[in-house]
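Peer 1: build the 3D model from these lines:
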Amino acid sequence: MPVPLPPLPIQRRIASILSAYDELIENSQRRIKILESMARALYREWFVQFRFPGHQSVPLVPSPLGEIPEGWEVRPFSGLASYVNGYAFKPDDWGDEGKPIIKIKELKAGVTADTPRNSGDGIPDKYNIRDGDVLFSWSADLDAYLWMGGEGLLNQHLFNVLPFDGVSRAYCFHSLKEAMPRFRALSLGATMHHIKRSALDQVATVVPPAALRKRFEGFVEPIHEQLIALTNEVQTLRRTRDLLLPRMLSGQIDVEAIAP
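Peer 2: Next comes the predicted model:
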């Protein structure tokens with residue numbers, strides 16, 4: 001197989017350009033991890049350890065989940081939101097154009113060139129997802145995700161979590177994340193685990209007063225917005241880098257003319 005071999009100075013220039021993209025991607029990914037840790041730590045500090053602002057003056061009282069602050073309630077996850085299962089796409093529905101079909105693979109790796117697509121014609125709007133939606137993988141993966149990959153169509157085996165009035169997506173997301181070990185303990189299947197919908201009635205969480213949730217959301221929702229922006233930035237950088245590489249190697253782009 002013949003391989004294009006530019007002169008060594010050109011090779012080094014190409015490597016330098018690509019390395020700049022890689023460094024930007026790595027920097028954004030580090031920021032994403034830090035922001036995720038910040039939001040997670042705040043949720044745990046306030047709603048797991050109960051060290052929320054003013055906690056010193058709030059006594060603890062018995063509950064089915066142990067002692068919780070007075071005025072808080074215990075509610076099953078079925079009482080926080082509705083859970084819309086994804087569309088049952090058939091192999092014939094998978095194409096190369098249209099909106100990406102979001103499967104477990106896309107939850108982990110994002111939308112890629114291998115992601116199947118569909119025009120969305122004739123598919124109910126409830127299967128459309130957008131940045132900031134909370135997705136619950138109830139089969140195989142068993143986890144909760146904050147979707148940050150743009151518009152797409154939700155595949156089966158994934159729930160779109162739609163909070164009830166008075167409950168935010170941010171609070172739902174972090175509550176589900178915290179409860180995942182209990183959901184996994186209820187999962188079925190020898191090889192491919194899955195969670196029955198009835199588990200949403202069995203697994204409960206503590207729900208603080210609305211004013212405290214609102215204060216939490218005021219801190220966390222801007223973090224989520226930054227996460228979405230950084231994730232989109234990483235995807236754009238990757239696409240640009242992957243588009244540049246073959247053009248630079250083939251000589252379509254004069255790398256010497258690109259400013260360092």
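Peer 1: CA only for contacts and neighbour counts going forward, please
Peer 2: Will do.
Peer 1: can you list the low-confidence ranges for the stretch 101-250 of the chain?
Peer 2: 189-192 (pLDDT under 70).
Peer 1: could you pull out the helices for it?
Peer 2: 104-109, 169-185, 199-202, 210-250 (DSSP state H, counting those that start in this stretch).
Peer 1: which one of those helices is the most hemmed in?
Peer 2: Among the helices of the stretch 101-250 of the chain, helix 169-185 has the highest mean neighbour count (mean count of other Cα atoms under 10 Å), at a mean of 18.
Peer 1: which strands and helices sit next to it?
Peer 2: Under the contact criterion of 3 or more Cα pairs under 8 Å, 6 or more residues apart in numbering; DSSP states H and E, helix 169-185 touches strand 134-137, strand 143-146, strand 158-163, helix 210-250.
Peer 1: partner strands of the third one and their direction?
Peer 2: Looking back up the chat, that one is strand 158-163. strand 81-85 (antiparallel), strand 134-137 (antiparallel) (DSSP bridges).
Peer 1: angle of that strand against helix 169-185?
Peer 2: 130 degrees (axes from the mean of the first three to the mean of the last three Cα atoms, to 10 degrees).
Peer 1: same check, this time on the longest one
Peer 2: If you take the same axes, to 10 degrees, helix 210-250 sits at 80 degrees to helix 169-185.
Peer 1: okay, now Ala113: neighbour count?
Peer 2: The number of residues packed near Ala113 is 9, by other Cα atoms under 10 Å.
Peer 1: check Asp131 too.
Peer 2: Neighbour number of Asp131 under other Cα under 10 Å is 17.
Peer 1: please look at it and Tyr145 and confirm they touch.
Peer 2: No - in this structure, Asp131 is not within contact of Tyr145 by Cα atoms under 8 Å, at 11.0 Å.
Peer 1: and for the two, which residues touch both?
Peer 2: Common contacts of Asp131 and Tyr145, defined by Cα atoms under 8 Å, 6 or more residues apart in numbering, are absent altogether.
Peer 1: just to revisit the earlier point, now for the strands paired with strand 158-163, which one comes closest to Gln11?
Peer 2: strand 134-137 (43.0 Å; Cα to Cα).
Peer 1: mind saving the C-alpha coords of the closest one as PDB?
Peer 2: Extracted in PDB, the C-alpha atoms of strand 134-137 (Å, rounded to 0.1, in the frame of the first residue of the first chain):
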ATOM      1  CA  VAL A 134     -31.600  13.600  31.000                       C
ATOM      2  CA  LEU A 135     -31.300  10.100  29.500                       C
ATOM      3  CA  PHE A 136     -31.500   6.900  31.600                       C
ATOM      4  CA  SER A 137     -30.000   3.800  30.000                       C
END
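Peer 1: which residues touch it?
Peer 2: Against strand 134-137 from outside (Cα under 8 Å, 6+ apart): 104, 142-147, 157-162, 169, 172-173.
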